[in-house]
Structures are given as structure tokens and as C-alpha cells.
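K.L.:
dropping the sequence and predicted coords here.
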Amino acid sequence: MPISERLSRLGSGVFARNDQRKSAYVARAAREGLPPLLDLSLGSTDLQPPAVAIQAMADQLGAPASAAYCLHGATRPFRQAVAHWAERRFGVAVDADTEVLLLVGSQEGTAHLPLAVLNPGDRALLLDPYYPSHMGGLHLASAEPVLLPLDPTAGWRPQFEALSPEQWDDLKLMVLGFPHNPTATTGQQAWVDEAAERAVRHGVVFAHDNPYVDLALDGEAPALLRSPLWRDCGIEFFSFSKSWCLGGYRLAFAIGAEWLITALRQLKGVVDFNQSLALQAGAIAALEQAPAWPGQLRTVYRQRRDRMAAALEAVGWPVRRPSMALYLWLELPPQARGMGSEAFGAALLEATGVALTPGNGFGPAGEGWMRLALVHPEEELAAGAARIGAWLASL
Ligand SMILES: Cc1ncc(COP(=O)(O)O)c(C=O)c1O
């Protein structure tokens, strides 16, 4: 069967293999009476969304309009709620008609954007490590990725000066995201401001993927919307998945320069209609009636972070305390240096039933690292650390 070259470049291999290993472990655990799988490999939270959001969806589910295709015009109440949120959150006046777009996920939006702004062969800058769909989007658009490695010894600061002015001139798109997955670094507004300045100077589209905007544990999350240049260069992606625990409902939005919003909307018009009005009602309720929800999530994640970091350190795995919620980004422990992320993850899973994500799935700079998602209650995380510790001691 014919398969496109584009598809063969997508390279979701690390994640697919990890999934196969998890399934194999579950089957073996059932056969052999092993401890159950503790899956810390996905940023899919166990924490619950606000009841007002679910109720608002439930109230609208049976309405005939919720079952109909939703054209862009009908998303206006959602876009207005987003504009009010932007005003409250960042003090920025956003035009709900021209500068806001409903999305099916910030993953969907960032993966589609390159098709709307790039021609085949155009160059686009990604951080390394990167979120996989950022790379996937470039491959879908047959674009050329240019990787900017993040350096732990520089506090993961993107070293934009590593590219010459000519290389900057050569770029058409730059995709960043702070707070940053997978390094679990909040980052600084100055980094985003510098990126915006360079984007304007060199005529680069700046896409800032910001689903963790409400989940900074130390300091305030950066935002492109806080840069005075956002309308001159950029588009920012926000999500209901992390701040309001609505990941399965697939709700997100973009705010950006009018021409970028228009371009993405045109592109998406080929691919899908909008989410049901019932889901949009839930999103509006989350924005308007549960603005404090992310704050209580931060409290839980902070406790989990501290407990898990202490538990891993107690068993000999040093932890850099992350400044954002949801993940630990762990260098392979001293006992396993040189082993490779994927081999380490496979051996850990086989021996303990604890699944982490091998860092090499996030790009070359992720090799030698593992990502652990804090998506189980504290007690379960601590028990997982004990399982890991017993295995590390046996190495
Ligand atoms: C950087 C980044 N972008 C996008 C997503 C996906 O967000 P959504 O559920 O809105 O598609 C994630 C999820 O983990 C992420 O880490």
C-alpha cells in the first residue's frame, strides 16, 4: 500500500514502543500476579474538572443545536468569553471576532499551523527537547526543522544568539512554549520578549504554545500576550486540558495576529468543524465560573512534586526541582548512565511496572533523560518511588 514519505518521517516510534511495552507488562502482570502498572508516562491528569463545566455541558447536550455542525459564527459566545479571560488574565484587549479561534486542542492547533504558514522546504525553529506534535506539524507541512538545544547548565534558557542573523533571516516560523514540556521549566518573560523581538526583526511567525500558563509553581508563567509585539508576529495557544482538567473533551483556543488567526481558520475549515456547542458551554463555564480552579491544582502538584522528589532522592535518584507542575524531568540516575533513555525505560518498566517516558521521544537533547508525570495521588507516587528504588539498588 502506498504510504507518503511525510508519514514515514513522523517518527512517533518511541511513544508507540512505550505503549506496546506497557500493554505487554499489563498482560504479564495479570498472568504472574505482579504489581499493577503505574503509568507516569502521560501528562493526562487524574485530577477532576470543575463541576460547573461538566454541568454546563450536560445541560446543553440534548439541545438540537449541540448536535448540529457548528460554524465559526456560532462560536462567538466562546470567543467573547476568551476575550474577557484575556483581559482579566493579562490586561490585554483582544478582538473576539478577528483575534480568537476555537481549537480541538493546542496539539491540533500547533500541528495545523505550519500547513497554514509554511511552504515545503521552509525552515522552522523548534526547541530541543520539543513537544512531539510541534515536530509532527513541521513534517506534515514538509518543512525543515532547525533545532535549538536547551542547555541544563544555562537553566534551559533558549540561546537565540547561537543562530547567526542569516540563519534567523532564513526562518519562517518559530515554535516555543514556556512553561516548557518536557523540561518542566517555567521560563522567563524576558525569553519570550526576546523571541518576539527577533521574530519581528527577521520576519518570523512566532507560535507560542502555552497550555501550562496556569501551572507555574515558581513565579508567573511567561506569555506572548504580555509582549507588546504579539500582534506584530505571533499566535499563542491555550488549552482547557491542563488548567481545568478537560483534556478528554478536546477544548483549546488560539489568540493572535488577525492574519494568523484567519490563516489557521481557513486551514482548519478544510479539516473539521468546531466542537459541539455543548462542549463550548462547558469551556465558557470554566473560564467564567471556575477561574480559581488552576490555583488549587497548583497546590496539589506542588505537594506531589515535593513528595516525589524527596522519595526519589532518598533512593539515590537526584532530582532537579521543577518550576512548573505536572512533570519531573530526570537525568538518568548514576547507576544507569550510558544506558540510553529507551533501554532504561524498558528495563525499569519490566522490572517494576512503573512507566516513564524516554526523553529521546522529545528530540536528540532528550537522550539521557526521562519524563515522569505527577498524575497519580501522592501515596501511589511514593509507592512507585519505592519500587524504582528497590530496582536501582539491584543494578
Ligand atoms: C506543550 C504541549 N502542547 C500541547 C499539548 C496538548 O494539549 P491539548 O490537550 O490542548 O491538545 C500538551 C500536552 O501534554 C503539551 O505538553
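P.N.:
In hand now; what should we look at? Residues are numbered from 1 along each chain as shown.
K.L.:
could you chop the chain up by domain?
P.N.:
11-40+293-394, 51-289 (automatic domain parsing).
K.L.:
and of those domains, who's closest to Ser4?
P.N.:
Nearest to Ser4, of all these, is domain 51-289, at 9.7 Å by CB to CB. The way it works is simple: take the backbone N, C-alpha and C, and place the C-beta from them, glycine included.
K.L.:
close to the ligand: what parts of the stretch 251-395 of the chain are there?
P.N.:
Residues of the stretch 251-395 of the chain lying near the ligand by CB under 6 Å from any ligand atom: Ala252.
K.L.:
okay, and the beta partners of whatever residue of the stretch 251-395 of the chain ends up closest to the ligand?
P.N.:
Here the stretch 251-395 of the chain gets closest to the ligand at one residue, Ala252, 4.1 Å apart by CB to the nearest ligand atom. Counting by DSSP bridges, Ala252 is bridged to Leu103, Ser239.
K.L.:
how close does it get to Met135?
P.N.:
Using CB to CB, to the nearest Å, we find Ala252 at a distance of 19 Å from Met135.
K.L.:
Ala81 belongs to a helix, doesn't it?
P.N.:
Yes - with DSSP: H, G, I helix; E, B strand; the rest coil as the criterion, Ala81 is located in a helix.
K.L.:
one step back: mean neighbour count, the domains of the chain: which tops it?
P.N.:
The highest mean neighbour count among those, using mean count of other CB atoms under 10 Å, belongs to domain 51-289: a mean of 19.
K.L.:
state the mean pLDDT of that domain.
P.N.:
For domain 51-289, mean pLDDT rounds to 97.
K.L.:
mind checking the end-to-end distance for it?
P.N.:
10 Å (CA to CA, to the nearest Å).
K.L.:
how about stretch 318-335?
P.N.:
11 Å.
K.L.:
mean confidence for it?
P.N.:
Here the average pLDDT along stretch 318-335 is 96.
K.L.:
how far away is whichever residue of the chain sits closest to the ligand from Ala111?
P.N.:
Using CB to the nearest ligand atom, the single residue of the chain nearest to the ligand is Gly105, 2.6 Å away. Going from Gly105 to Ala111 by CB to CB gives 9 Å.
K.L.:
how about Val100?
P.N.:
19 Å.
K.L.:
before we move on, the earlier item: need the contact list for the residue of the stretch 251-395 of the chain closest to the ligand.
P.N.:
102-106, 108-109, 211, 237-241 (CB atoms under 8 Å, 6 or more residues apart in numbering).
K.L.:
how about CSV for these, with distance to Cys70 added?
P.N.:
Conversion of the contacts of Ala252 to CSV gives the following (distance: CB to CB, whole Å):
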residue, distance to Cys70
Leu102, 9
Leu103, 13
Val104, 12
Gly105, 16
Ser106, 19
Glu108, 15
Gly109, 17
Pro211, 22
Phe237, 20
Phe238, 19
Ser239, 19
Phe240, 16
Ser241, 20
